[in-house]
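Participant: Attaching a predicted model along with its sequence, questions to come.
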Amino acid sequence: MQTPPPLAPVLIWSIPISVNFLEQFRATPNLLTLMRLFIIPFLVIAILDGHFRIAFALFLLAGASDALDGLLARMLSQRTMLGQYLDPIADKLLLSTLFVVLTHVSLIPRYVTVLVFSRDLGILLISTLLYATNTLRDFRPTILGKLNTLIQIIGVIVVMCERLYSSSSLILVRDGLLRVVAVLAPISAAQYTWTVIRRINAQQPTIV
């Protein structure tokens, strides 16, 4: 059995990496992740057509599949290399797509989406460069990064709820959450950069 990929050194792989790559698609958690990807275009269509009840239901279904695939991966011992890469990609693609389409229909300010995308693009470029040059292979999310993602999810939920149940209190909560996202995006990017620099320095041999 091969060793786990360096991107996730602390994980224990329950399905050997030597298993055929296509065979890993049959794992139940990966099928749920693929379903989440399959939901995205229908979610976009529902929002563009103004069917926010359907959009909200699809978003909740996607969220449920996200929680369930991790649970099943542990219960069924079906953690795979494919799943470790595919799951965060599906999550980020879902959120990023929602921010774009909700901005398109004027429900999220453009500056918020620009800040969110700038952060994600910057982190992606840094991670790709460090991985390609074999400088660093450990890209664990930071605390602020996790908090930023959580606030983004709550913000999207509140934006949709405001369309379903219009109220002044929901509008205030929505605006407040989006401002928090706009602030956390660059701050979490700075923390991520600082954390990566510290990890790189920690790997450098000490000169005596």
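Facilitator: Alright, I've got the coordinates.

Participant: Please make it C-alpha for all contacts and neighbour counts, starting now.
Facilitator: OK.

Participant: For the longest helix along the chain, enumerate the helices and strands it packs against.
Facilitator: For the chain, the helix with the greatest residue count under DSSP state H is helix 168-203. Helices and strands touching helix 168-203, by 3 or more Cα pairs under 8 Å, 6 or more residues apart in numbering; DSSP states H and E, are helix 110-132, helix 143-164.

Participant: quick one, which of these is nearest to S188?
Facilitator: Evaluated with Cα to Cα, these place helix 143-164 nearest to S188, the distance being 5.1 Å.

Participant: How many residues are close by V44?
Facilitator: 20 (other Cα atoms under 10 Å).

Participant: That one is in contact with F99, isn't it?
Facilitator: No. Using Cα atoms under 8 Å, V44 is not in contact with F99, being 10.4 Å away.

Participant: tell me the SS of the most centrally placed residue in the chain?
Facilitator: Taking Cα atoms, centre = their mean, the centroid of the chain lies closest to K92, which sits 3.2 Å from it. Classification of K92 using DSSP: H, G, I helix; E, B strand; the rest coil returns helix.

Participant: what about N30, distance to L37?
Facilitator: 11 Å (Cα to Cα, to the nearest Å).

Participant: Have a look at these two and say which one is more surrounded.
Facilitator: More neighbours surround N30 than the other of N30 and L37, with 24 against 19 (other Cα under 10 Å).

Participant: Which segments of the chain make up each domain?
Facilitator: Domain ranges of the chain: 4-8+13-106, 108-202, per automatic domain parsing.

Participant: can you redo the ones you listed as TSV with mean pLDDT?
Facilitator: Below are those laid out as TSV (pLDDT from 0 to 100):
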stretch	mean pLDDT
domain 4-8+13-106	78
domain 108-202	85
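
Participant: The one helix or strand L32 maps to to helix 143-164, inter-axis angle?
Facilitator: Secondary structure assigned from DSSP states H and E places L32 in helix 28-48. Here the directions of helix 28-48 and helix 143-164 differ by 50 degrees (axes from the mean of the first three to the mean of the last three Cα atoms, to 10 degrees).

Participant: Helix 28-48: which residues count as buried?
Facilitator: Across helix 28-48, burial judged by 16 or more other Cα atoms under 10 Å covers 28-37, 39-40, 43-44, 46-47.

Participant: Just the closest of those residues to V159, please.
Facilitator: Using Cα to Cα, those come closest to V159 at I47, 11.5 Å.

Participant: Do I have it right that the closest one meets A55?
Facilitator: Yes. Counting by Cα under 8 Å, I47 does reach A55; the two are 6.0 Å apart.

Participant: what's the overlap in contacts for the two?
Facilitator: Common neighbours of I47 and A55 (criterion: Cα atoms under 8 Å, 6 or more residues apart in numbering): none identified.
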